[in-house]
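Student: Build me a structure from this.
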Amino acid sequence: MKPVIYQVFTRLFGNRNTTNKEWGSIEENGCGKLNDFDDVTLRRIKRLGATHIWFTGVIRHASQTDYTRYGIPCQHPDVVKGIAGSPYAITDYYDIDPDIAVDVDNRMGEWLALIERAHKAGLKVVMDFVPNHVARQYHSICKPEWVKDLGEDDNTDWHFSTNNNFYYCWGKELDLSLTPNPSPVGRGEKKAYTESPARATGNDVFSNHPSCNDWYETVKLNYGIDYCDAGGRSEHFKPIPDTWNKMTDILLFWAQKGIDGFRCDMAEMVPAAFWAWATDKVKFQYPEVKFIGEVYNPAEYRNYIGAGFDWLYDKVGMYDCVRDVICGNRRAADITSQWQHTDDIRQHMLYFLENHDEQRIASDFFAADARKGIPGFIVSALLNTSPFMLYAGQEFGERGMDKEGFSGCDGRTTIFDYWCVDTLRRGYFDRRKMKKDEKALEAVYQRILTIANKEQAVSEGLSYDLMYVNQHIADRQFAFLRKHEGETLLIVANFDDHDAECDVVIPRHAFEYLQMAEGTYNAIELLTGEATTLTLAADNAAHVSVPALSGVVIKVS
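Tutor: Alright, predicted model coming up:
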């Protein structure tokens with residue numbers, strides 16, 4: 001079965017409070033809970049076509065919401081982005097975020113129960129691992145007794161030491177004068193946040209003076225690379241840096257609790273040598289655990305796959321290209337060069353059209369119409385055997401055009417604010433109020449993902465790109481074949497906003513490579529279920545009618 005990862009931003013997903021006040025508190029705007037993922041909801045996600053569910057924002061992170069009555073430390077608003085805070089500013093790697101628990105004291109129990117429910121529904125569970133940086137006020141209150149906290153034994157007189165978990169600016173206090181003022185709903189802090197000596201900021205700012213565009217709410221973790229060495233940067237991996245042991249222990253802690261995979265945030269900002277060491281230790285005990293890496297530099301793909309990553313984001317490549325094709329800025333045939341660049345590692349490349357970092361397809365900043373993403377979805381989901389990821393709400397045409405607070409109107413769904421995503425509320429919790437176009441789009445997504453899941457030609461078969469002999473349709477259509485044993489799929493995606501009559505040439509080499517036989521066959525168009533016939537002849541054209549902003553998947557057995 002082809003892996004299909006369904007990403008949910010946990011605090012938003014189940015929230016049914018429609019107040020949606022800009023900069024609203026959790027009391028005003030509400031918050032989704034782990035328990036919102038009940039059996040019915042998980043089965044619906046499974047029926048959509050998901051094999052994995054990635055719960056984003058589960059580990060406790062910096063927030064302006066006060067949970068001190070539960071023994072959870074407060075975070076200073078100067079170093080929290082938004083009221084709810086970024087899920088990538090972790091304050092305790094061993095804890096569950098209290099926002100998403102019904103019973104805060106039992107937040108770990110609720111998370112373990114959700115893992116069990118997801119497994120019962122046939123879904124594997126992915127959670128975030130944020131290895132490059134932590135919140136400025138990181139302090140674990142839930143770590144095992146034998147674990148020493150990050151920075152607990154650091155020598156702050158040293159800028160760099162392999163025994164230190166952080167990098168320090170000698171004798172300098174943190175200067176936040178270039179960062180935004182605290183948000184309008186702080187907790188009434190009377191004193192500015194202080195940090196002395198200042199620690200390096202998460203996005204590799206090795207000074208005490210981060211700007212508003214930096215990850216100023218986070219501090220960089222030290223994996224044994226001296227970034228300020230006289231020669232530029234130097235690696236110090238022997239003996240093993242202290243951070244390596246502590247972060248690997250965190251991975252093992254969660255793997256032991258039943259996690260099936262880790263989506264590793266900004267993986268390429270952490271040396272591949274650490275990953276090789278850590279993934280080996282985790283997979284020795286838990287061989288089925290998957291590692292998903294956020295790596296943006298294509299030149300580094302093979303290094304990180306060699307270091308133990310199962311799947312890597314194909315962002316700077318396939319995503320960027322398909323987005324440009326959807327928007328009419330590139331030819332559909334340009335998709336060919338993208339898969340060719342990673343052909344030797346294609347089973348490791350994770351395709352997607354949306355995630356929490358990217359703009360929604362339906363936003364005014366992308367395509368302004370969710371239907372325009374359908375042909376790109378067909379290509380991304382069906383082109384090869386590699387995994388596909390979709391972001392909750394994508395299947396309903398979520399626009400991401402709200403101005404929530406810290407997150408302005410930018411075409412993205414906020415990760416910093418308490419908010420209700422109305423398409424998700426309707427799609428999962430009030431389906432009677434779903435709009436006609438939302439239902440129609442969801443049905444298309446489900447049909448395509450069902451093909452990805454159930455057709456062995458997609459999940460296991462060979463792929464053959466037809467564009468080199470079909471330049472006459474190369475601007476707005478993309479055609480390819482999938483083949484497994486006696487079944488062949490002819491797939492044509494139409495990025496144009498009008499129907500297309502396409503004569504798709506099938507070269508003789510395709511028959512030889514895929515071991516296809518020529519002839520006229522009874523066939524079925526899988527997206528509509530309609531019976532048809534298809535003539536396959538070497539170096540001749542098969543005529544297909546392709547609907548606007550859609551595609552055809554014609555199956556010949």
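
Student: Now do stretch 30-40: distance to the chain's middle.
Tutor: Averaging C-alpha positions (C-alpha atoms, centre = their mean, to the nearest Å) puts stretch 30-40 20 Å from its chain's average.

Student: what about it, how long is it end to end?
Tutor: Its first and final residues considered, stretch 30-40 spans 22 Å by C-alpha to C-alpha, to the nearest Å.

Student: which residues make contact with it from outside it?
Tutor: Identification of contacts with stretch 30-40 by C-beta atoms under 8 Å, 6 or more residues apart in numbering yields 8, 10-17, 19, 58, 84, 96, 99-102, 107, 110-111, 113-114, 117-118, 120-121, 418, 420. C-beta coordinates here come from the backbone N, C-alpha and C atoms, glycine included.

Student: Provide a list of residues in contact with the spatially most central residue of the chain.
Tutor: By C-alpha atoms, centre = their mean, the chain has its centre lying nearest to residue 355, at 5.0 Å. Remark: with contacts taken as C-beta under 8 Å, 6+ apart, residue 355 is in contact with 7, 389, 391.

Student: what about it, which helix or strand?
Tutor: Following DSSP states H and E, one finds residue 355 outside all helices and strands.

Student: hmm, back to that, could the contacts of residue 355 go into JSON lines alongside distance to residue 443 and secondary structure?
Tutor: Shown next, in JSON lines, are these (distance: C-beta to C-beta, whole Å; DSSP: H, G, I helix; E, B strand; the rest coil):
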{"residue": "7", "distance to residue 443": "21", "secondary structure": "strand"}
{"residue": "389", "distance to residue 443": "20", "secondary structure": "strand"}
{"residue": "391", "distance to residue 443": "18", "secondary structure": "strand"}
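
Student: Kindly indicate which of the residues you listed lies nearest residue 290.
Tutor: residue 389 (12.3 Å; C-beta to C-beta).

Student: which residues does that closest one contact?
Tutor: By C-beta under 8 Å, 6+ apart, residue 389 lies in contact with 4-7, 54, 350-352, 355.

Student: With respect to residue 173, which of these is nearest?
Tutor: Within these, the smallest distance to residue 173 is 36.4 Å, found for residue 355 (C-beta to C-beta).

Student: Report the separation between the closest residue to residue 447 other than its chain neighbours and residue 281.
Tutor: With sequence-adjacent residues excluded and distances taken as C-beta to C-beta, 6 or more residues apart in numbering, residue 447 is closest to residue 527, at 5.6 Å. Going from residue 527 to residue 281 by C-beta to C-beta, to the nearest Å gives 45 Å.

Student: if we can go back for a sec, just say helix, strand or coil for the residue nearest to residue 447.
Tutor: Three-state secondary structure (criterion: DSSP: H, G, I helix; E, B strand; the rest coil) places residue 527 in coil.

Student: Give me the distance between it and residue 381.
Tutor: Here the distance between residue 527 and residue 381 works out to 12 Å (C-beta to C-beta).

Student: For the two, indicate the residue with more neighbours.
Tutor: Here residue 527 and residue 381 are set side by side on neighbour count (other C-beta atoms under 10 Å), and the busier one is residue 381, at 25 against 19.

Student: who's the spatially closest residue to residue 290 that is not a sequence neighbour bridged to?
Tutor: When the adjacent residues along the chain are set aside, residue 290 lies closest to residue 261, with 3.7 Å between them (C-beta to C-beta, 6+ apart). Residues found in beta-bridge contact with residue 261 (criterion: DSSP bridges) are residue 126, residue 290.

Student: Let me see the contact set for residue 261.
Tutor: Here residue 261 is in contact with 52, 54, 124-127, 289-292, 310 (C-beta under 8 Å, 6+ apart).

Student: Kindly reformat these as a markdown table containing neighbour count, pLDDT and distance to residue 439.
Tutor: Putting the contacts of residue 261 into a markdown table (neighbours: other C-beta atoms under 10 Å; pLDDT from 0 to 100; distance: C-beta to C-beta, whole Å) gives the following:
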| residue | neighbour count | pLDDT | distance to residue 439 |
| --- | --- | --- | --- |
| 52 | 22 | 98 | 25 |
| 54 | 26 | 98 | 25 |
| 124 | 21 | 98 | 28 |
| 125 | 22 | 99 | 28 |
| 126 | 24 | 98 | 28 |
| 127 | 21 | 98 | 31 |
| 289 | 20 | 98 | 36 |
| 290 | 19 | 98 | 32 |
| 291 | 24 | 98 | 36 |
| 292 | 27 | 98 | 31 |
| 310 | 19 | 98 | 34 |
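
Student: So which of those residues is the closest to residue 254?
Tutor: Ranked by distance to residue 254 (C-beta to C-beta), these are led by residue 127 at 6.4 Å.

Student: Test my guess that the closest one contacts residue 55.
Tutor: Yes. With contact defined as C-beta atoms under 8 Å, residue 127 and residue 55 form a contacting pair (5.7 Å).

Student: Quick check: next helix or strand after the longest helix belonging to the chain?
Tutor: Scanning the chain for the helix with the most residues, using DSSP state H, yields helix 436-454. On the C-terminal side of helix 436-454, the closest following helix or strand by DSSP H and E is helix 456-459.

Student: Give me the buried positions along that next one.
Tutor: 457-459 (16 or more other C-beta atoms under 10 Å).

Student: just how off-centre is the helix or strand just after that helix within its chain?
Tutor: The element immediately downstream of helix 456-459 (helix or strand, assigned by DSSP H and E) is strand 462-465. When C-alpha coordinates are averaged (C-alpha atoms, centre = their mean), strand 462-465 and its chain have centres 26 Å apart.

Student: quick one: strands adjacent to the helix or strand just after strand 462-465?
Tutor: Next along the chain after strand 462-465, taking DSSP H and E as the criterion, comes strand 477-484. Note on strand 477-484: by DSSP bridges, its sheet partners are strand 462-465 (antiparallel), strand 487-494 (antiparallel).

Student: which of those sits most buried?
Tutor: Each of the strands paired with strand 477-484 was given a mean neighbour count from mean count of other C-beta atoms under 10 Å, and the largest, a mean of 24, is that of strand 487-494.

Student: and the angle for that strand with helix 436-454?
Tutor: Angle between the axes of strand 487-494 and helix 436-454 is 150 degrees (criterion: axes from the mean of the first three to the mean of the last three C-alpha atoms, to 10 degrees).

Student: Alpha carbons of strand 487-494, as PDB, please.
Tutor: Output in PDB follows, covering the C-alpha atoms of strand 487-494 (Å, rounded to 0.1, in the frame of the first residue of the first chain):
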ATOM      1  CA  GLU A 487      -2.500  -4.200 -15.200                       C
ATOM      2  CA  THR A 488      -1.600  -0.900 -16.900                       C
ATOM      3  CA  LEU A 489      -2.800   2.600 -16.100                       C
ATOM      4  CA  LEU A 490      -2.700   5.500 -18.600                       C
ATOM      5  CA  ILE A 491      -2.800   8.700 -16.600                       C
ATOM      6  CA  VAL A 492      -3.200  12.200 -18.100                       C
ATOM      7  CA  ALA A 493      -3.500  15.300 -15.800                       C
ATOM      8  CA  ASN A 494      -5.000  18.400 -17.400                       C
END
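
Student: Distance from the chain centre to that strand, please.
Tutor: Once both centres are worked out by C-alpha atoms, centre = their mean, strand 487-494 turns out to sit 27 Å from its chain's centre.

Student: before we move on, what about stretch 111-121?
Tutor: 20 Å.

Student: in the chain, which spans are helices?
Tutor: Chain-ordered helices for the chain, with DSSP H as the definition, fall at 10-13, 26-29, 39-48, 107-120, 242-255, 272-285, 301-306, 320-326, 335-341, 374-382, 422-429, 436-454, 456-459, 508-514.

Student: Identify the residues contacting residue 508.
Tutor: With C-beta under 8 Å, 6+ apart as the criterion, the residues that contact residue 508 are 538-539.
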